[in-house]
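Peer 1: Just a sequence and a predicted model for now, questions to come.
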Amino acid sequence: MTEYVPPKVWTWDKENGGAFASTNRPIAGPTHDQELPRGEHPIQLYSLATPNGQKVTIMLEELLAAGHDAEYDAYLINIGKGDQFGSGFVSVNPNSKIPAMMDYGPKEPVRLFESGSMMVYLAEKFDAFLSKDAAKRAETMNWLFWQMGSAPFVGGGFGHFYAYAPVKLEYPINRYAMETKRQLDVLDRELANKEFIAGSDYSIADMAIFPWYGGMVLGRAYNAAEFLDVGTYKNVIRWAEQIDAREPVKRGRTVNAAGGPEDEHLYERHSATDVDKVVALRKERGTV
């Protein structure tokens, strides 16, 4: 393998290959005019059922299951086709990453981007899944921000080089596999004596961490469960299976789904019945 010698000034090679190469670029801003659709509910979500997208839809479904008036419309943003660079989406999230949300309920509409920001906003709006006790709140926020800071090493690091890069390279795969396993060990040690990651209460921290790390130990990420030997993280598996069994979690994982069999897709969500159909089908097939 020839060693790469960086040039004095980096330039953009549009033909660099790999997944998402056609949409990745070194500049921000919209590439085309595209208005966002808007449904009848105050909360409008624009997303895709990636781990980051599932964090928010799981929370919205948990809020609904708990009896809160959190009805929402959800629209698919196809990141493979570059929907995240449409002018309407960029006006909500200038960073062009899913998910993005508008809340038209307040007198002045509120735009929200970054999934952690959305979860804190929703927790405070509905007074749910985030304790008012100072110590418990701080611990929940510790783990929420841990996820926000750690997961890019899993997705953009390990996931990219193991599953999406145009060539398999030993150094980056080893580097990010080591970090991914270290993070799983962090969780495993914490969950040895706690039911949920922040203590005895299910919280937004669990909802944020589950799609990334729960999905990994349940064999849903990058076809890498054997490679990472995820079976050794017994406490994470126990926690993940407990959360995975929750009905709102099953529902949240289906919203804006665009992978797998076509009849299991759910590009848009406008009411509970939209989700009911897909969840019922997935339960019948054992794919939820």
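Peer 2: That came in fine, so what should we check first? Numbers count the residues shown, from 1 in each chain.

Peer 1: Every contact and neighbour count from this point should use C-alpha atoms.
Peer 2: Will do.

Peer 1: Which residues belonging to the strand or helix carrying residue 139 are considered buried?
Peer 2: Using DSSP states H and E, residue 139 sits in helix 134-152. For helix 134-152, the neighbour count (16 or more other C-alpha atoms under 10 Å) marks 136, 139-141, 143-144, 147, 151 as buried.

Peer 1: what inclination does the next helix or strand after that helix have with respect to helix 134-152?
Peer 2: Scanning forward in sequence from helix 134-152 by DSSP H and E, the next helix or strand is helix 170-190. Calculated by axes from the mean of the first three to the mean of the last three C-alpha atoms, to 10 degrees, helix 170-190 forms an angle of 160 degrees with helix 134-152.

Peer 1: one step back: using TSV, lay out the buried residues of helix 134-152 together with distance to residue 43.
Peer 2: Listed next are the buried residues of helix 134-152 as TSV, based on distance: C-alpha to C-alpha, whole Å:
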residue	distance to residue 43
136	28
139	28
140	24
141	23
143	26
144	22
147	24
151	26
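
Peer 1: okay, those in JSON lines with pLDDT and distance to residue 122 next?
Peer 2: Converted to JSON lines, those look like this (pLDDT from 0 to 100; distance: C-alpha to C-alpha, whole Å):
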{"residue": "136", "pLDDT": "98", "distance to residue 122": "17"}
{"residue": "139", "pLDDT": "98", "distance to residue 122": "18"}
{"residue": "140", "pLDDT": "98", "distance to residue 122": "14"}
{"residue": "141", "pLDDT": "98", "distance to residue 122": "14"}
{"residue": "143", "pLDDT": "98", "distance to residue 122": "17"}
{"residue": "144", "pLDDT": "98", "distance to residue 122": "14"}
{"residue": "147", "pLDDT": "98", "distance to residue 122": "18"}
{"residue": "151", "pLDDT": "97", "distance to residue 122": "21"}
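
Peer 1: for those residues, which one is nearest residue 71?
Peer 2: Set against residue 71, the nearest of these by C-alpha to C-alpha is residue 144 (23.6 Å).

Peer 1: My guess is that closest one contacts residue 208. True?
Peer 2: Yes - when contacts are counted by C-alpha atoms under 8 Å, residue 144 is listed as touching residue 208 (6.5 Å).

Peer 1: For residue 264, give me its contacts.
Peer 2: 254, 257-258, 278, 281-282 (C-alpha atoms under 8 Å, 6 or more residues apart in numbering).

Peer 1: Quickly note the distance from it to residue 65.
Peer 2: Distance, residue 264 to residue 65, using C-alpha to C-alpha, to the nearest Å: 22 Å.

Peer 1: residues touching residue 180, list them.
Peer 2: Contacts of residue 180 (C-alpha under 8 Å, 6+ apart): 153-154, 158.

Peer 1: Now list whatever residues contact both of residue 144 and residue 208.
Peer 2: residue 116.

Peer 1: what's the pLDDT at the most centrally placed residue in the chain?
Peer 2: The chain has residue 52 as the residue nearest its centroid, 1.3 Å off, counting by C-alpha atoms, centre = their mean. For residue 52, the model assigns a pLDDT of 97.

Peer 1: Show me what counts as buried in the helix or strand of the chain with the lowest mean pLDDT.
Peer 2: Lowest on mean pLDDT, DSSP states H and E among the helices and strands of the chain sits helix 272-285, with a mean of 96. Buried residues in helix 272-285, counted by 16+ other C-alpha under 10 Å: 275, 278-279, 282.

Peer 1: which two from those residues end up farthest apart in space?
Peer 2: For the buried residues of helix 272-285, and using C-alpha to C-alpha, no pair is farther apart than 275 and 282, which are 10.7 Å apart.
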